[in-house]
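A.B. asks: pasting the sequence and the predicted model now:
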Amino acid sequence: MPSLRARLVNLALPLLGIKRFFSEPDQLEDRIAALRRKPTIMPRASLHKRFDIVEDNSRGYKVVTMTPREGDATNGPHLLYLHGGGYVMDIAAVHWDSIARLCSDLGGSATVPLYPLAPEHKATEVLDAMQALYVDMAAEHGAAALTVMGDSAGGGMALALAQMIRADGGELPASLVLFSPWLDATADALGQRDIEARDRMLAVSGLEACGAMYRGDLPPDDPKVSPLFGSLEGLPPMAIFSGTSDILLVDGRRLDEKLTALGSRSHIYCEYPGMFHVWMLLPVPEGRQALDETAEFIRQHARVSA
């Protein structure tokens, strides 16, 4: 059973307005336009005291690098974190806090691209930009020290990016971490609508609409937007986190089943009973546990030069 704090947070989730955002697709364009008028949330002042935070705008979108001020952070793993938000929403404060927690735990650093958003930008453009960023990060840090990770849409993007890197013969990262990943943009997964009534954040109709905005001319089952249908062979070790009160549970389960069928022994699948979408980013005991498990998984697979 989820902790008391998790149950209270789950009860309060509708107050955030995310469920309403995703359950009324006819109003999605107006709501996205309203979001664009708001300033992007950046790391809070307290994080600047603990991290060297550098913003780079040379790529046509903002890229933020976070490095802990104390300890041997430069010798730790390096994270490429792709934030969630249905491909249409910007980064949130909880993303920055969770990334900071992981960097502190790992003695490592992170690169966080505020990638171009849909509907203004489409999947092919965004993924090409992320692949170019990854290539530069691998050259700087070494691919063996990198973990590519993300939550929700960012989790899907992380898997799609790894598939692209492998297809192009590039150096793969040491590991992938997927938090509540959105891996199937077709919106017709068996069992998804059965969970929808208890999911207090997401709705199938909203995912379908956001997926259409992001994929552009690509079919909904194209691996760039639905990496669950792409090749899963030869990918890095992977940690997948899903909760049973999240409609994206079915994506995490199917990915685990496909990897297991391939004989994978390098992935882990962590399913939390009763937990909601991206709980690992929120201040609940289960969130701290998931981040601890994530840090341990990254440590096991990162190969960092002395």
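C.D. replies: Everything's here; your move.
A.B. asks: tell me the secondary structure at I240.
C.D. replies: strand (DSSP: H, G, I helix; E, B strand; the rest coil).
A.B. asks: ok, it - contacts?
C.D. replies: Listed by C-beta atoms under 8 Å, 6 or more residues apart in numbering, the contact set of I240 reads 178, 181, 252, 255-256, 267-270. Any C-beta I mention is one placed from the backbone N, CA and C, and that applies to glycine too.
A.B. asks: just V9 next, same as before
C.D. replies: V9 makes contacts with 276, 279, 282-284, as judged by C-beta under 8 Å, 6+ apart.
A.B. asks: which strand or helix spans it?
C.D. replies: According to DSSP states H and E, V9 maps onto helix 4-12.
A.B. asks: what is the subsequent helix or strand relative to that helix?
C.D. replies: As assigned by DSSP H and E, the chain's next helix or strand after helix 4-12 is helix 18-23.
A.B. asks: so which elements touch that following helix?
C.D. replies: helix 204-215 (3 or more C-beta pairs under 8 Å, 6 or more residues apart in numbering; DSSP states H and E).
A.B. asks: of the contacts of V9, which is the most crowded?
C.D. replies: Comparing those by number of neighbours (other C-beta atoms under 10 Å), W279 comes first, having 27 neighbours.
A.B. asks: what about it, distance to L262?
C.D. replies: Noted for W279: a distance of 28 Å to L262, by C-beta to C-beta, to the nearest Å.
A.B. asks: do the same with T65
C.D. replies: Between T65 and L262 the computed distance is 35 Å (C-beta to C-beta).
A.B. asks: just G155 next, same as before
C.D. replies: From G155 to L262 the distance is 19 Å (C-beta to C-beta).
A.B. asks: again, but for D188
C.D. replies: Taking C-beta to C-beta, one finds D188 at 24 Å from L262.
A.B. asks: comparing the two, which shows the higher neighbour count?
C.D. replies: Neighbours were counted for D188 and for L262 using other C-beta under 10 Å; L262 has more, 14 against 11.
A.B. asks: wait, the more buried one touches L235, no?
C.D. replies: No: with contacts defined as C-beta atoms under 8 Å, L262 does not count as touching L235, sitting 9.5 Å away.
A.B. asks: shared neighbours of those two, anything?
C.D. replies: Joint contacts of L262 and L235 (C-beta under 8 Å, 6+ apart) do not exist.
A.B. asks: ok, now which ones touch F229?
C.D. replies: 184, 221-223.
A.B. asks: and those, which are buried?
C.D. replies: Neighbour-count burial (16 or more other C-beta atoms under 10 Å) applied to those gives 184, 222-223.
A.B. asks: ok, back up a step: max pairwise distance over the contacts of I240: which two?
C.D. replies: P181 and I268 (13.6 Å; C-beta to C-beta).
A.B. asks: more neighbours: those two, which one.
C.D. replies: P181 (30 against 17).
A.B. asks: picking up where we left off before, would you reformat the buried ones among the contacts of F229 as CSV and include secondary structure?
C.D. replies: Below are the buried ones among the contacts of F229 laid out as CSV (three-state DSSP):
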residue, secondary structure
D184, coil
D222, coil
P223, coil
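A.B. asks: Q163: which of those is nearest?
C.D. replies: Distance to Q163 across the buried ones among the contacts of F229 (C-beta to C-beta) is lowest for P223, with 5.9 Å.
A.B. asks: hmm, that closest one is touching T186, no?
C.D. replies: No: P223 is beyond contact range of T186, at 12.0 Å (criterion: C-beta under 8 Å).
A.B. asks: tell me where the stretch 101-250 of the chain has strands.
C.D. replies: Along the stretch 101-250 of the chain, counting by DSSP state E, counting those that start in this stretch, strands occupy 109-113, 146-151, 175-179, 238-243.
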